[in-house]
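Participant: Give me coordinates for this.
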Amino acid sequence: MLQNQKILHFSSQILPPAPSTITPKLQNFPTSTPLPSLKHNCKLSRRELAISGNSSLLLLLGTQILEPFNLSKVRAEEENLNDTSLDCTNKVPTKKAFLDVSIDGQPVGRIVVGLYGETAPAGAARFSSLVSGTAGISYRRKEFVKIMPNYVQHGGVRSYGVDAELAQKTGSNLAIDNLIEEWERDYVKCSGTKNLAGTVSIIVRDPLKPPPKLKLVARKGKLEIDQEEVGKDPNGTQFVISTKDSPELDASALVVGKVLEGMEVVEKIGQVKTVQENTSSPYFRVAKLIGDKRAVVAERGFNRPYSKVVITNCGLMA
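Facilitator: Reported below is the predicted structural model:
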C-alpha cells in the first residue's frame, strides 16, 4: 500500500494535469488481500495461506503450526523412555525365598526376598538353587564378609574344596557365563541406577580386576607369549543387599530380586562394626603398586565385620 501511494504521488508531478472527469481514485487500485488475524491462521487451508501471505509470513506461520507437533513428538519419546525405565525398576517377583540371620549366635530376624523369575531367569534360578540346596550346596551356615555404607555382601560358596565336591556330585554347573550375558542385557536395556535400596543382586564380575599380564612360557622347546590372569573372577554365588541406592554396584552385580520383608534385619547387619579401610595409607599404596601380597591380604580384610554374621537357615517359600 505504501509503495503504491508513493508511485502515484511521483507520477502526478510529472504528467500533465488530467481532465477533471478522470480523477484517479486511490481506493480503486488493486491491493493485496487483507491478511486474516493470527488467531485464525491455523484454520486456513494451505491454498489460502499461499494466496494471502508472503513467503516470510508463511515461514513464521509454518513454524508456529509445526512447533506443537514437534513438542508432542518429543514428549512421546520421553514418555517411552520413562516407561522403559519403569519396567526395569518396577519388576514383579515370581517366587519368594527367606534368609534367617544371626549375629554372634544371636538370631536377629528373617529376610524375605522376592525373586524376578521373568526378567532375570538365570540369576533367580541360581539364587533359588543356592537357597533351597538343590545345587548340593547352599547359603546355610555361610557368612556375610563385607559391610559397606550402601550395602552388605555375603561371601557365597567356595568354588573349591568341599563345596565344589558337593556341587559336582549333583551335577550342578556353577559357570557364570549365562549370568554375565543376562547382566549385559539388563545393563544396556535399563537406564539409571539398577541397585536401588532394598534390591538383592548376585556379583557376576569384578570391575576392579586388573588386565592380564603377558609372560613368556616355554612349550615344546619354543617360547610363547601367554596371558596370566591377575586375581580371581567371582563364581556367581556371592550376593549383596543394598541398604541405600548403590550405583557403584551396577558395573558388577546382577539384580535378581528385592527385599519384601525384614529390611530392619539388613539394617542391623549394616550397623555391625568392621575393619577400618586403609587404602589412603602411603605404605598400602606402595605395596599395592609393587604387587606385594601382603597388600592383597590386607585389602581383603577391609570392611569385614568383627562379629560373625551368619545365615542360619534359608529356603524357598510357598
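
Participant: And stretch 151-158, what's buried?
Facilitator: 151-154, 156-157 (16 or more other C-beta atoms under 10 Å). For every residue, glycine as well, the C-beta is placed using N, CA and C.

Participant: Just the CA coordinates for it, please, in PDB.
Facilitator: The C-alpha trace of stretch 151-158 is given here as PDB (Å, rounded to 0.1, in the frame of the first residue of the first chain):
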ATOM      1  CA  TYR A 151      25.200 -52.400  51.000                       C
ATOM      2  CA  VAL A 152      26.100 -55.700  52.800                       C
ATOM      3  CA  GLN A 153      27.800 -58.500  51.000                       C
ATOM      4  CA  HIS A 154      27.500 -62.200  51.500                       C
ATOM      5  CA  GLY A 155      30.500 -64.500  50.800                       C
ATOM      6  CA  GLY A 156      28.600 -67.100  48.900                       C
ATOM      7  CA  VAL A 157      30.000 -70.600  48.500                       C
ATOM      8  CA  ARG A 158      33.500 -71.600  47.500                       C
END
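
Participant: tell me which of the buried residues of stretch 151-158 is nearest to Lys268?
Facilitator: Val152 (9.8 Å; C-beta to C-beta).

Participant: for the closest residue to the closest one other than its chain neighbours, what are its contacts?
Facilitator: Excluding the flanking residues, the one nearest Val152 by C-beta to C-beta, 6 or more residues apart in numbering is Ile269, at 4.8 Å. Ile269 sits next to 101, 103, 108, 144, 147, 152, 305, 309 when contact means C-beta atoms under 8 Å, 6 or more residues apart in numbering.

Participant: Quick check: phi and psi on Ile269?
Facilitator: phi -60, psi -40 (degrees, to the nearest 10).

Participant: re the thing from before, identify, from the buried residues of stretch 151-158, the entry nearest to Leu196.
Facilitator: Checking the buried residues of stretch 151-158 one by one against Leu196 (C-beta to C-beta), the nearest turns out to be Tyr151, at 10.9 Å.

Participant: tell me the mean pLDDT over whichever helix or strand Ala167 is part of?
Facilitator: Counting by DSSP states H and E, the element that carries Ala167 is helix 161-169. What helix 161-169 shows for mean pLDDT is 75.

Participant: show me where pLDDT drops low in the stretch 201-318 of the chain?
Facilitator: Residues of the stretch 201-318 of the chain that meet the criterion pLDDT under 70 lie in 209-212, 228-231.

Participant: Does the nearest residue to Lys146 once chain neighbours are set aside belong to a helix, a strand or coil?
Facilitator: Leaving out its chain neighbours, the residue that sits closest to Lys146 by C-beta to C-beta, 6+ apart is Gln153, at 4.0 Å. Classification of Gln153 using DSSP: H, G, I helix; E, B strand; the rest coil returns strand.

Participant: any idea how far Gln153 is from Ile241?
Facilitator: In this view, Gln153 and Ile241 are 8 Å apart by C-beta to C-beta, to the nearest Å.

Participant: what's the answer for Ile176, then?
Facilitator: 19 Å.

Participant: Who has more neighbours out of these two?
Facilitator: Comparing Ile176 with Ile241 by other C-beta atoms under 10 Å, the one with more neighbours is Ile241, at 28 against 24.

Participant: what sits opposite that one in the beta ladder?
Facilitator: Beta bridges link Ile241 to Val152, Val200 when assigned by DSSP bridges.

Participant: Which residues does stretch 309-318 contact?
Facilitator: By C-beta under 8 Å, 6+ apart, stretch 309-318 touches 95-103, 107, 112, 128, 131-133, 138-144, 147, 152, 154, 269, 272.

Participant: Restricting to C-alpha, output it in CSV.
Facilitator: Taking Å, rounded to 0.1, in the frame of the first residue of the first chain, the C-alpha atoms of stretch 309-318 are listed here in CSV:
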residue,chain,number,x,y,z
VAL,A,309,27.1,-62.6,60.7
VAL,A,310,25.7,-66.0,59.5
ILE,A,311,22.7,-67.3,57.6
THR,A,312,21.5,-70.0,60.0
ASN,A,313,18.7,-71.2,57.7
CYS,A,314,17.4,-70.5,54.2
GLY,A,315,14.9,-71.8,51.7
LEU,A,316,12.1,-71.2,49.3
MET,A,317,8.6,-70.1,50.4
ALA,A,318,5.3,-71.4,49.0
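
Participant: Show me what counts as buried in it.
Facilitator: Counting neighbours by 16+ other C-beta under 10 Å, stretch 309-318 gives 309-311, 313-316 as buried.

Participant: next one: stretch 140-153
Facilitator: Applying 16+ other C-beta under 10 Å to stretch 140-153 flags 140, 142, 144-148, 150-153 as buried.

Participant: and those residues as CSV, adding distance to Gln168, pLDDT and secondary structure?
Facilitator: CSV is the format used below for the buried residues of stretch 140-153 (distance: C-beta to C-beta, whole Å; pLDDT from 0 to 100; DSSP: H, G, I helix; E, B strand; the rest coil):
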residue, distance to Gln168, pLDDT, secondary structure
Arg140, 19, 94, coil
Lys142, 19, 95, coil
Phe144, 26, 97, strand
Val145, 24, 95, strand
Lys146, 28, 95, strand
Ile147, 32, 96, strand
Met148, 33, 95, coil
Asn150, 36, 96, coil
Tyr151, 31, 97, strand
Val152, 30, 97, strand
Gln153, 26, 96, strand
